[in-house]
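*Asks:* have a look; sequence and predicted model below, questions after that.
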Amino acid sequence: MRPGPRNLITDVAGLRVGNAHDAALRSGATVLTGDAPFVAGVHVMGGAPGTRETDLLAPDKLVQEVDALVLSGGSALGLDAASGVADGLRAAGRGFAVGGQRVPIVPGAILFDLLNGGDKAWEVNPYGALGRAALNAAATTFGTGSAGAGFGATTMDLAGGLGSASVVLKNGVTIGALVAVNALGRVCDDAGRFHAAPFEFGDEFGGRGQASFDPAWEPYGDRPPGTATTIAIVATDAHLTQAEATRLATAAHDGMARAIMPSHTPMDGDLIFAAATGARPLADPVWDGLRLGHAAACCLARAVARGVFAATAQGSHPTWGSRFG
């Protein structure tokens, strides 16, 4: 395996990512969209998720493809970012055709960043406009770290961030990951060494080596329940059914658990979407599916570390760079 040319989820051809954030609000939104609708699945392992239209991604449901996936801050209020994306897509003539109307299919997930010190005293929900702006900014290159849905994110002891990574397999299939890291747990040890270090290519997140493991982990301070959540998307150009995409999302949770300790807690709403553009048929769906799941987990672990490593916004938590750089 090797990283793709951008080392971003947009190394999967046909996909684009857009970010928008508000520095005063200390929050933002990120959208993944494509040149055409794509197959999507989802798997939730956290105890406090916030979602939109995820039931529609079950393999037995009518609609088998989506127009975009949205990651947003703002807790339940941030779900309105997906409405802004849907408005923009509908204006562009995108969406599921229903009797002459177009209904964009835009599942979304949120993280909790309402207590990060930003100005939350607004009267009109800002997330719809942030979602629309993120869609308008969608491109093959995009910012990471303190950007989009990761702008106001935090981990237990550091600023969180938006991370992305990619890998190309021997059979030519590309896997990419995109993640907004807002975890109750930790992503590195007291020396700044990332838990995801075994999966690092070069020094893409500092090259510090393997983190030490502390089995007696305890949280810093009293973070209220339901105030965390890491949300992610893994994507591929492989041809997958919706059931296979759901399995890919499930397997990718291994990467989250490798990079964040602890993850999938009762206070996190940890969730992973999977997206498949279908450009590359798989010679052996069973064994190739296994390889895709393993690659997605490794790629997501790297994306988690890269997001925290790239964070620059100073808020309630120090950035990795300010503490260890």
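*Replies:* All right, it came through fine. Residues are numbered from 1 along each chain as shown.

*Asks:* just name the shakiest helix or strand of this structure by mean pLDDT.
*Replies:* Sorting the helices and strands of the chain by mean pLDDT, DSSP states H and E puts strand 96-98 at the bottom, at a mean of 90.

*Asks:* that one: what's the following helix or strand?
*Replies:* strand 101-103 (DSSP states H and E).

*Asks:* what pairs with that next one, and is each one parallel or antiparallel?
*Replies:* The sheet places strand 101-103 alongside strand 96-98 (antiparallel), with pairing taken from DSSP bridges.

*Asks:* contacts for the partner strand, please.
*Replies:* Contacts to strand 96-98, defined as C-beta atoms under 8 Å, 6 or more residues apart in numbering, come from residues 63, 67, 102, 103, 104, 105. Heads up, the C-betas are built off the backbone N, CA and C, glycines and all.

*Asks:* if we can go back for a sec, buried sites along the least confident helix or strand of the chain?
*Replies:* Residues of strand 96-98 classed as buried by neighbour count (16 or more other C-beta atoms under 10 Å): residue 96.

*Asks:* which stretches of the stretch 101-250 of the chain form helices?
*Replies:* 127-136, 242-259 (DSSP state H, counting those that start in this stretch).

*Asks:* now do the strands in the stretch 51-200 of the chain.
*Replies:* Assigned by DSSP state E, counting those that start in this stretch, the strands in the stretch 51-200 of the chain fall at 51-52, 65-72, 96-98, 101-103, 108-110, 161-168, 174-181.

*Asks:* between the ones you listed, which gets nearest to residue 204?
*Replies:* Residue 204 sits nearest to strand 161-168 of all the strands of the stretch 51-200 of the chain, at 7.5 Å, using C-beta to C-beta.

*Asks:* what packs against the closest one?
*Replies:* strand 174-181, helix 285-309 (3 or more C-beta pairs under 8 Å, 6 or more residues apart in numbering; DSSP states H and E).

*Asks:* now do the longest one against strand 161-168, angle only.
*Replies:* Just to be clear, that refers to helix 285-309. Going by axes from the mean of the first three to the mean of the last three C-alpha atoms, to 10 degrees, helix 285-309 is angled at 140 degrees with respect to strand 161-168.

*Asks:* next SSE downstream of helix 285-309?
*Replies:* Of the helices and strands lying after helix 285-309 in sequence (DSSP H and E), the nearest is helix 320-324.

*Asks:* what about dumping the CA coordinates of that next one to CSV?
*Replies:* Extracted as CSV, the C-alpha positions of helix 320-324 are listed here (Å, rounded to 0.1, in the frame of the first residue of the first chain):
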residue,chain,number,x,y,z
TRP,A,320,-0.4,19.4,19.1
GLY,A,321,2.0,21.9,17.5
SER,A,322,1.9,24.4,20.4
ARG,A,323,2.5,21.6,22.9
PHE,A,324,4.9,19.3,21.2
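
*Asks:* what mean pLDDT does that helix get?
*Replies:* Averaging pLDDT along helix 320-324 yields 94.

*Asks:* which residues touch that helix?
*Replies:* So helix 320-324 is contacted by 158, 159, 188, 191, 192, 206, 208, 308, 309, 311, 312, 314 (C-beta under 8 Å, 6+ apart).

*Asks:* filter those down to the buried ones, ChimeraX style.
*Replies:* Remark: buried members of the contacts of helix 320-324, expressed as a ChimeraX selection using 16+ other C-beta under 10 Å:
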select :158,159,188,192,206,208,308,309,311
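
*Asks:* where does the stretch 201-325 of the chain have low pLDDT?
*Replies:* Scanning the stretch 201-325 of the chain for pLDDT under 70 picks out 216-217, 219-226.

*Asks:* let's see it at 50
*Replies:* Within the stretch 201-325 of the chain, no stretch has pLDDT under 50.

*Asks:* would you turn the strands of the stretch 51-200 of the chain into a markdown table with distance to residue 149?
*Replies:* Compiled in a markdown table, those are given as follows (distance: least, C-beta to C-beta, whole Å):
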| stretch | distance to residue 149 |
| --- | --- |
| strand 51-52 | 14 |
| strand 65-72 | 4 |
| strand 96-98 | 25 |
| strand 101-103 | 24 |
| strand 108-110 | 8 |
| strand 161-168 | 6 |
| strand 174-181 | 4 |
